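Peer 1: Sequence first, predicted coordinates after that:
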Amino acid sequence: DPILVRGQGSQMFLTEYAKSIQGQVSKLSQELTELFFREPFKASTSKRVFHIGMSDYLSFVLLPEVIDRLNQEAPHMKLIVHHLNYFSDASKLENGELDLVLGYFPEAPVHIDKEPLYDDYGVFVTNTSHPLVNNKEKITLKKIIEYPLIMVSFNNDPTDTYLDRLIRTEGLDAKVKVVVPHSLIALLALKKNNYITHTVKRIADPLLKYSGLTILPTPLELKEAHEEPYVAHQYWYKTSSDDEAHQWLRSLVKEVACEK
């Protein structure tokens, strides 16, 4: 149907049909403008709700300062944290159940985006009255595993931690008394016994002063094994890469991690 006709002097006029749909076209034009030309993201007024998956370790290291920054810069934004120890399936990112995942997940799907946050290293921790603390002899892996161990396992297989694999490689047999999925529980359980746990330095350091714990010297076997550092990452699905609010949150997490 024609919507314009040419008159004298090449002037254009609306047809009766064009006049009849003029109101609808104007409304649609406004809706399209609102759809494709949104207001720029402003953290100070945003009411976005983000779902983040992380372990107790990442929560302990990063979450307090992330919360402080949110309170200062995005007071109307909401953060919902989901406990997450395993991450080998991207479905929760793909379907929107999670917006961001924080942690060290070597088995994470290769098709999702990720960014490194910080490094950490394994340490042995026990209480300050443990016989090995004041022992002047060189601490070896063999000496450590003579005492009962509390293992922290974030894998589906609780007997397949880095330390388990190293002990088997050395042909040794450890006294693993307890296996837990939470780093904090392992550390707090050391207070009144001669147990030892293998954890990461960034979660052990803040607790030493208040919990009567100490870090043992790293055995030579672990140094010679060139232990890979724990590298915390943030993971997200590609559909969120260009979202301004999501970019802002990732930037905030990265800044907090870099200050550690």
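Peer 2: Everything's here; your move.
Peer 1: Which secondary structure element of this structure has the lowest mean pLDDT?
Peer 2: Counting by mean pLDDT, DSSP states H and E, the weakest-scoring helix or strand in the chain turns out to be helix 220-224, with a mean of 65.
Peer 1: buried set for the next helix or strand after it?
Peer 2: Moving toward the C-terminus from helix 220-224, the first helix or strand encountered (DSSP states H and E) is strand 230-236. Neighbour-count burial for strand 230-236 flags Tyr230, Ala232, His233, Gln234, Tyr235, Trp236 (criterion: 16 or more other Cβ atoms under 10 Å). Using the backbone N, CA and C atoms, a C-beta is placed for each residue, glycine as well.
Peer 1: ok, and what's touching strand 230-236?
Peer 2: Contacts made with strand 230-236 from outside it, assessed by Cβ atoms under 8 Å, 6 or more residues apart in numbering, are listed as 58, 61, 87, 93, 99-105, 108, 112-122, 200, 246, 250, 253-254, 257.
Peer 1: For the protein, just list every one of the strands.
Peer 2: Remark: strands of the chain, listed N- to C-terminal, are 4-6, 12-14, 49-54, 78-83, 100-103, 113-120, 122-127, 149-152, 176-180, 196-200, 213-216, 230-236; assignment by DSSP state E.
Peer 1: Just checking: what are the partner strands of the second one?
Peer 2: Sheet pairing for strand 12-14, assigned by DSSP bridges, gives strand 4-6 (antiparallel).
Peer 1: which ones are touching the closest residue to Ala232 other than its chain neighbours?
Peer 2: Excluding its sequence neighbours, the residue lying closest to Ala232 (Cβ to Cβ, 6 or more residues apart in numbering) is Leu117, at 4.4 Å. For Leu117, the set of contacting residues under the criterion of Cβ under 8 Å, 6+ apart consists of Leu62, Leu102, Val231, Ala232, His233, Gln234, Val253, Lys254, Ala257, Cys258.
Peer 1: one more time with 7 Å
Peer 2: Residues touching Leu117, when contacts are defined by Cβ atoms under 7 Å, 6 or more residues apart in numbering, comprise Ala232, His233, Gln234, Lys254, Ala257.
Peer 1: rewinding a little: now the strands of the chain in a markdown table, with mean pLDDT and distance to Gln22?
Peer 2: Written out in a markdown table, the entries for the strands of the chain read as follows (pLDDT from 0 to 100; distance: least, Cβ to Cβ, whole Å):
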| stretch | mean pLDDT | distance to Gln22 |
| --- | --- | --- |
| strand 4-6 | 87 | 12 |
| strand 12-14 | 86 | 7 |
| strand 49-54 | 96 | 40 |
| strand 78-83 | 95 | 42 |
| strand 100-103 | 94 | 46 |
| strand 113-120 | 94 | 46 |
| strand 122-127 | 91 | 71 |
| strand 149-152 | 89 | 69 |
| strand 176-180 | 86 | 69 |
| strand 196-200 | 91 | 66 |
| strand 213-216 | 92 | 76 |
| strand 230-236 | 93 | 44 |
